[in-house]
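Chemist: the sequence and its predicted three-dimensional model are supplied below.
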Amino acid sequence: MMNLKKILKPVFVIILLLFSFFYTDKVVDLIREKDPIMQKIKLSSEKYQITSEDARVIGSNIIPGKNGREIDYEESYVKMKQYGMYNEALTTFKEVEPTISIDDYYDKYIIQGNNNYKSVALVFKINSNNNFQELINIINTKNIKTTLFIDGLFLENNTSLIKTLLNQEIELLSYDNKYDELYFNSALNYLASLTKRNPKFCYAEYDQKEVLELCSKLELHTIIPTIRVTEYPYKTIKGKLSNSAIISLPLTKQMINELPLIIDYISQRGYTFLSLEELLSESMEK
C-alpha cells in the first residue's frame, strides 16, 4: 500500500502541473480575446479576407487555383501590443492554400495559368543549336523572362553555354528526344546541380501519355501549351493572346525574325512576361 502511495504521489503532481499549464493557457487566451486590440483586429477581418480559389480539373487537364488571404491574428496582436495600441498599418497577413491544388494532380496536364492574371509565359524547346544564339540575343536585349525546355543530351554537350542562361528558367525537355526513365532522371539531377533549383515541369504538345506517366512518377507537372505556334507566329499570337497563356514558339528563322515584334505586341497589350514557375504558381504574389 505504501509503495502504491509513493507511485501515485508523483503522478498526481505531474497531472496537477499539466492541468495548471492548461488552465493558465486558457486564462491567457481569454484575456487576449477580451483585449480591445484583439477585438479591433478581428472586426477588420472581413475587410481583408480574400477567399482562396480551387484548381479546376477538366478531364485530363487542370488549371491552377489561387491562394487566399486572411489576417494572422497572433502576429498582428503581438506587433500592436508592443506598439501599445491598435494600429491598422501593423496588420499582418498569411496566405490560405486552396482545397484543390495543382500539386495534388501530377497526372493531369496544365494547360494555362490562372486567368485572373494578365501575364504570359513564353516557352521554347531546345534540342539543337539552330537559331539558339539568336533567341538568346533577343530575350536578353528585350530583358524578358522565358522558360527553356532543353534536351538532356544537348545540355551535356553545351554546359558552358547553358551556364550563361541561368537568369532564365531551364527545364528538361527529353533525353536525346526520348523518355527513358534512367537517362531522364540522370539529366534532371544534372540540371538541378547546374541551376541550383529543382526542375518542376515537363513539356507535351498533346496528350502524350509516355511523358505524363514518367513525369507524374517523378512528381513533375506536365504542361500542354495554351497556344502552340507552328507557322505565322505573329499572326497566330495576335489572334489567340489571352490571360495566363502558355505560348510555345518554334525555333524557326521566321519566328526569330518576328519575335521582337511579338514581344512588343504582347507588352503593348499590357501583359507581363513570367517564367512558367511564376505563371503557374498558386501564390498571391506574382
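Modeler: Received it, and whenever you're ready, just let me know what you need.

Chemist: tell me where the stretch 51-200 of the chain has strands.
Modeler: Assigned by DSSP state E, counting those that start in this stretch, the stretch 51-200 of the chain shows strands spanning 56-58, 61-63, 68-71, 93-96, 109-110, 119-126, 147-150, 169-172.

Chemist: distance from the third one to the middle of the chain?
Modeler: Computed by CA atoms, centre = their mean, to the nearest Å, the chain-centroid distance of strand 68-71 equals 18 Å.

Chemist: related to what we said a few turns ago, which one, of the strands of the stretch 51-200 of the chain, ends up nearest to residue 250?
Modeler: Proximity to residue 250, assessed across the strands of the stretch 51-200 of the chain by CB to CB, is greatest for strand 119-126 (7.5 Å). In short, each C-beta sits where N, CA and C put it, glycine included.

Chemist: for this structure, what are the low-confidence residue spans?
Modeler: Applying pLDDT under 70 to the chain flags the ranges 1-30, 286.

Chemist: in a helix, residue 262, correct?
Modeler: Yes. Assessed by DSSP: H, G, I helix; E, B strand; the rest coil, residue 262 belongs to a helix.

Chemist: separation between it and residue 284?
Modeler: Relative to residue 284, residue 262 is positioned 29 Å away (criterion: CB to CB, to the nearest Å).

Chemist: if you count surrounding residues, which of these two has more?
Modeler: In this view residue 262 and residue 284 are compared by other CB atoms under 10 Å, and residue 262 has more residues nearby, 21 against 14.

Chemist: tell me the helices and strands packed up against the helix or strand hosting residue 267.
Modeler: In this structure, residue 267 sits in helix 253-268 according to DSSP states H and E. Other helices and strands packing on helix 253-268, by 3 or more CB pairs under 8 Å, 6 or more residues apart in numbering; DSSP states H and E, are helix 132-142, helix 233-240, strand 245-249, strand 272-273.

Chemist: highest average neighbour count across the ones you listed?
Modeler: Neighbour counts (mean count of other CB atoms under 10 Å) averaged over each of the helices and strands packed on helix 253-268 peak at strand 245-249, with a mean of 23.

Chemist: elements contacting that one?
Modeler: With contacts taken as 3+ CB pairs under 8 Å, 6+ apart, strand 245-249 sits against strand 119-126, strand 227-228, helix 253-268.

Chemist: so for residue 188, which of these sits nearest?
Modeler: Residue 188 sits nearest to strand 119-126 of all the helices and strands packed on strand 245-249, at 15.7 Å, using CB to CB.

Chemist: quick revisit: can you put the helices and strands packed on strand 245-249 in JSON lines and add distance to residue 156?
Modeler: Shown next, in JSON lines, are the helices and strands packed on strand 245-249 (distance: least, CB to CB, whole Å):
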{"stretch": "strand 119-126", "distance to residue 156": "13"}
{"stretch": "strand 227-228", "distance to residue 156": "27"}
{"stretch": "helix 253-268", "distance to residue 156": "25"}
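
Chemist: now, of these, which is deepest in the fold?
Modeler: Across the helices and strands packed on strand 245-249, averaging neighbours per residue (mean count of other CB under 10 Å) puts strand 119-126 on top, at a mean of 23.

Chemist: just give me how far that strand sits from the chain centre.
Modeler: Taking CA atoms, centre = their mean, one finds strand 119-126 lying 15 Å from the centre of the chain it belongs to.

Chemist: what pairs with it, parallel or antiparallel?
Modeler: Within its sheet, strand 119-126 is paired with strand 147-150 (parallel), strand 245-249 (parallel), strand 272-273 (parallel), according to DSSP bridges.

Chemist: reformat the ones you listed as TSV; add distance to residue 66.
Modeler: Shown next, in TSV, are the strands paired with strand 119-126 (distance: least, CB to CB, whole Å):
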stretch	distance to residue 66
strand 147-150	20
strand 245-249	17
strand 272-273	16
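
Chemist: for those, which one sits closest to residue 39?
Modeler: strand 272-273 (40.2 Å).

Chemist: coming back round to it: looking at the helices and strands packed on helix 253-268, which is nearest to residue 202?
Modeler: Residue 202 lies closest, by CB to CB, to one member of the helices and strands packed on helix 253-268: strand 245-249, at 12.7 Å.
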